[in-house]
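A.B. asks: quick check, what structure comes out for this input:
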Amino acid sequence: MDSLALLYGSRSLVLHGSGATPPVRGARRLPPAPLPGRDGTCTETIDVLLEGSPAALAGFVAAVESCLARAEYRTDPVRLALGVDGEPAPWQSPVLGGRAAYLDSGSSDRTRGMQTLRLALVRPDYWEGAEQWAPLSNHNGSSVTTGLQVENHQDDAHQNHVDVELGGVGGDLPAPARLELVHAETAPSRTITDLWMGAYLDSVHAPPGVILEGESATTELATSVVAASTASAGFYRRVSWLAAGEVELMAWTLSASLLGALAGRTVLPLVRFAAPFPAGDVWVQLRVQAAAGAPAHTSEWVLLKPGLGLQELPAMALPPWQLPGDTLPALLNLSLHATRGTSGSISVDLDFIQLTPMDCWRKFTSTVPLTYGTLLADDLPRRLCYTVTAAGETVTHAAVGEPLIVWPGRNQRIHILHTPDPMAIDTRMLVRLAYRPRRRVL
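C.D. replies: All right, here's what the predicted structure looks like:
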């Protein structure tokens, strides 16, 4: 090691290397590295050699005890910083507590002007490097770290996702991330309210396409495919019916490659209607079944909300069972059913369903809309969700779900959809992703 220090507030207590001042002579970490505890912590043992006047020795010991008390009682964040030869910046690990003990006779030997102090520091079993931006790619750019544009739908000409570059995430361990979403729509009157984020993670499969277009569905109802520049891929499907009771609105065939890539993952279906839903008495349900036979999975019935262009259906696993994965799964059908208690003519204009992966996922519910240039940050390392504008920081969104974690050496795709309603598909956002690489051994 090149240097070793305890950091708290704006102060540092240097134990070894450049910056060490009397009475510190140096320190050493004791091998072998301790095994982690069941709670994910380990004990870092460090011997610190001291030489100086009795008053200087006593002052250093008091400073160490004060630092450990800050860590134990969480009054200030305390971190152990380890400088490694050839690394541009020290690696750090939070100190959660610890104790100091003498390897000599303690205060009775202090008059000799030398003392060895053994520190046993409890810390998480990882080291964190300096914060960096993950390189992101989609059809708008490659390896972008300054903010990559995403559109509000997915088709051949637009993408609402970013891919984290496979070799672009440093470290050896998964690391919590800070996701930053910037409102990039320049029309002053257009705002963004609720947002959904879902991430796909895999070590083998490339991220699959998760959009089911309405025009590619089959149906036995009265139907038409309508061309519209405001719809994904330029079209949506309209279905109409009269009678009360249950009907199958549309169905899609889920390919073997899609099911193999999902491999039983949970997905959140997000349905985009080309026109805000007109009625308040229509319940819908998703069903998954093989080519013949009873459904393998049936979701709960959900009452559609009138006036909303983007609506959330119950999460489901696809395929709805665990398979060995020796070969690709068999094809499955996904169908959307509706029921209502009254009769009368009604039409549904369905643009697409996004089967949003939920390896990491968040829903951000708005209390104040985002305007142009506003940044929404979901900061997992600090466990905060906040908004940054020219006026400063505030809180405008409530976040639920599993925050974003970046994984070295894994395929990772982050999908984003947002409102307001009626949901416009041509609004844009910029995406940035910051993290601190983590390593277990230095």
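
A.B. asks: can you count the residues close to P319?
C.D. replies: Counted with other C-beta atoms under 10 Å, residues neighbouring P319 total 24. In short, each C-beta sits where N, CA and C put it, glycine included.

A.B. asks: where does pLDDT dip in the stretch 1-150 of the chain?
C.D. replies: For the stretch 1-150 of the chain, the stretches flagged by pLDDT under 70 are 1, 32-33.

A.B. asks: residues touching R25, list them.
C.D. replies: If a contact means C-beta atoms under 8 Å, 6 or more residues apart in numbering, then R25 has L49, L50, E51 as its contacts.

A.B. asks: helix, strand or coil for it?
C.D. replies: Following DSSP: H, G, I helix; E, B strand; the rest coil, R25 is assigned to strand.

A.B. asks: from A317, how far out is it?
C.D. replies: Going from R25 to A317 by C-beta to C-beta, to the nearest Å gives 60 Å.

A.B. asks: just to revisit the earlier point, out of the contacts of R25, who's nearest L212?
C.D. replies: L49 (66.7 Å; C-beta to C-beta).

A.B. asks: ends of stretch 150-159, what's the gap?
C.D. replies: The first residue of stretch 150-159 is 6 Å away from its last residue (C-alpha to C-alpha, to the nearest Å).

A.B. asks: ok, stretch 414-424 next?
C.D. replies: Distance between the two ends of stretch 414-424: 20 Å, counting by C-alpha to C-alpha.

A.B. asks: same check, this time on stretch 198-209
C.D. replies: Its first and final residues considered, stretch 198-209 spans 13 Å by C-alpha to C-alpha.

A.B. asks: equivalent analysis for stretch 199-219, please.
C.D. replies: One end of stretch 199-219 to the other measures 31 Å (C-alpha to C-alpha).

A.B. asks: quick one: mean pLDDT for that stretch?
C.D. replies: Throughout stretch 199-219, pLDDT has a mean value of 96.

A.B. asks: and if you look at stretch 349-366?
C.D. replies: pLDDT averaged over stretch 349-366 gives 97.

A.B. asks: before we move on, what about stretch 325-333?
C.D. replies: Mean per-residue pLDDT for stretch 325-333: 93.

A.B. asks: all numbers from here: first residue = 30
C.D. replies: Got it, the first residue is 30 from now on, which makes the last one we talked about stretch 354-362.

A.B. asks: buried ones in that stretch?
C.D. replies: By 16 or more other C-beta atoms under 10 Å, the buried positions in stretch 354-362 come out as P358, L361, N362.

A.B. asks: return the closest of those residues with respect to A272.
C.D. replies: Closest approach to A272 among those (C-beta to C-beta): N362, at 23.1 Å.

A.B. asks: so in terms of bridging, what pairs with that closest one?
C.D. replies: T282, Q318 (DSSP bridges).

A.B. asks: list the contacts of it.
C.D. replies: A280, W281, T282, L283, V317, Q318, A319, A320.

A.B. asks: how about TSV for the buried residues of stretch 354-362, with distance to L148 added?
C.D. replies: Shown next, in TSV, are those (distance: C-beta to C-beta, whole Å):
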residue	distance to L148
P358	54
L361	58
N362	63
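
A.B. asks: so which of these would you say is closest to Y464?
C.D. replies: Nearest member of the buried residues of stretch 354-362 to Y464, counting by C-beta to C-beta, is P358, at 33.1 Å.

A.B. asks: contacting residues around that closest one?
C.D. replies: A285, L288, G289, P348, L352.

A.B. asks: what does the domain assignment say about the chain?
C.D. replies: 32-154, 161-468 (automatic domain parsing).

A.B. asks: buried deepest among the ones you listed, which one?
C.D. replies: Here the criterion is mean neighbour count by mean count of other C-beta atoms under 10 Å, and of these the winner is domain 161-468, at a mean of 18.

A.B. asks: report the distance from it to the chain centre.
C.D. replies: Using C-alpha atoms, centre = their mean, to the nearest Å, the mean C-alpha position of domain 161-468 is found 14 Å from that of the whole chain.

A.B. asks: ranges for the strands of the stretch 130-279 of the chain?
C.D. replies: Along the stretch 130-279 of the chain, the segments classed as strands by DSSP state E, counting those that start in this stretch run 143-153, 156-157, 161-162, 165-167, 170-173, 177-180, 190-193, 204-212, 224-231, 240-242, 251-256, 264-270, 274-283.

A.B. asks: neighbouring contacts of the top helix by length along the chain?
C.D. replies: If you go by DSSP state H, the chain has its longest helix at helix 83-102. Contacts with helix 83-102, where a contact means C-beta under 8 Å, 6+ apart, come from 35, 37, 42, 51-53, 79, 81, 104-105, 107, 124-129, 136, 139-140, 142, 144, 146, 148, 150.

A.B. asks: mind redoing it with 6 Å?
C.D. replies: For helix 83-102, the surrounding residues in contact (C-beta atoms under 6 Å, 6 or more residues apart in numbering) are 35, 37, 42, 52, 79, 105, 107, 124, 126-127, 129, 139-140, 144.

A.B. asks: cool, and stretch 172-186?
C.D. replies: 162, 164-165, 169-170, 187, 189, 191, 194, 240, 261-262, 445, 454, 456-461.

A.B. asks: does the residue nearest to A251 when sequence neighbours are not counted have beta-bridge partners, and which?
C.D. replies: Of all residues not flanking A251 in the chain, S269 sits nearest, at 4.7 Å (C-beta to C-beta, 6 or more residues apart in numbering). Beta-bridge partners for S269, by DSSP bridges, are A251, S376.

A.B. asks: where in the stretch 280-429 of the chain is pLDDT low?
C.D. replies: Of all residues in the stretch 280-429 of the chain, none has pLDDT under 70.

A.B. asks: report the distance from the longest helix of the chain to the chain centre.
C.D. replies: Relative to its parent chain, helix 83-102 has a centroid offset of 38 Å by C-alpha atoms, centre = their mean.

A.B. asks: distance check, P305 against L150.
C.D. replies: Separation of P305 from L150 (C-beta to C-beta): 58 Å.

A.B. asks: hang on, I meant T448
C.D. replies: Using C-beta to C-beta, T448 is found at 47 Å from L150.

A.B. asks: surely A406 is in contact with E209?
C.D. replies: Yes. Assessed by C-beta atoms under 6 Å, A406 is found in contact with E209 at 5.1 Å.

A.B. asks: what sits in contact with each of these two?
C.D. replies: Common neighbours of A406 and E209 (criterion: C-beta under 6 Å, 6+ apart): none identified.

A.B. asks: adding distance to G402, write the contacts of N362 out as TSV.
C.D. replies: Listed next are the contacts of N362 as TSV, based on distance: C-beta to C-beta, whole Å:
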residue	distance to G402
A280	43
W281	38
T282	43
L283	40
V317	42
Q318	47
A319	50
A320	51
